[in-house]
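Enquirer: Sequence isn't available, so here's the structure alone:
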């Protein structure tokens, strides 16, 4: 699906530094799978919101023009969302390990 994230041997998990670099280059779409209250408390600039609790019916809404990276609070739900997406036949997605907590610890921007 996406040349940037060929599945052959590529890790499913990207660090927040890798995600930041790809974002800065405009090479990815970042999807926040946290719930609405978490999203309202702060998110990564430019991310789109698709809560895990409603993701199953929303796979068709995931943009396909760029590789997609999923994130959550700490990495667990984004890994679950990645598994769900693959189960639905989507390929070329990855998730950000450490989630927005790691993002914030690294001093990267968060919008509220």
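Expert: Noted; the coordinates are in hand. Values in this document were obtained by computation on a predicted structure and should not be read as measured data.
Enquirer: In this structure, mark out all the strands, start to finish.
Expert: Taking DSSP state E as the criterion, the chain carries its strands at 13-14, 29-32, 48-49, 68-71, 93-96.
Enquirer: among those strands, which is the most enclosed?
Expert: Across these, averaging neighbours per residue (mean count of other CB atoms under 10 Å) puts strand 68-71 on top, at a mean of 27. Just so you know, the C-beta spots here come from the backbone N, C-alpha and C atoms, and that holds for glycine as well.
Enquirer: So what are the sheet partners of that one and their directions?
Expert: Strand pairing for strand 68-71, determined by DSSP bridges: strand 29-32 (parallel), strand 93-96 (parallel).
Enquirer: Mind putting those into TSV with mean pLDDT and distance to residue 61?
Expert: Converted to TSV, the strands paired with strand 68-71 look like this (pLDDT from 0 to 100; distance: least, CB to CB, whole Å):
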stretch	mean pLDDT	distance to residue 61
strand 29-32	95	10
strand 93-96	95	14
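Enquirer: any chance of those strands in CSV, plus distance to residue 51?
Expert: Listed next are the strands paired with strand 68-71 as CSV, based on distance: least, CB to CB, whole Å:
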stretch, distance to residue 51
strand 29-32, 8
strand 93-96, 15
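Enquirer: picking that back up, need the strands of the chain in JSON lines with distance to residue 41, can you?
Expert: Formatted as JSON lines, those follow (distance: least, CB to CB, whole Å):
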{"stretch": "strand 13-14", "distance to residue 41": "23"}
{"stretch": "strand 29-32", "distance to residue 41": "11"}
{"stretch": "strand 48-49", "distance to residue 41": "12"}
{"stretch": "strand 68-71", "distance to residue 41": "14"}
{"stretch": "strand 93-96", "distance to residue 41": "18"}
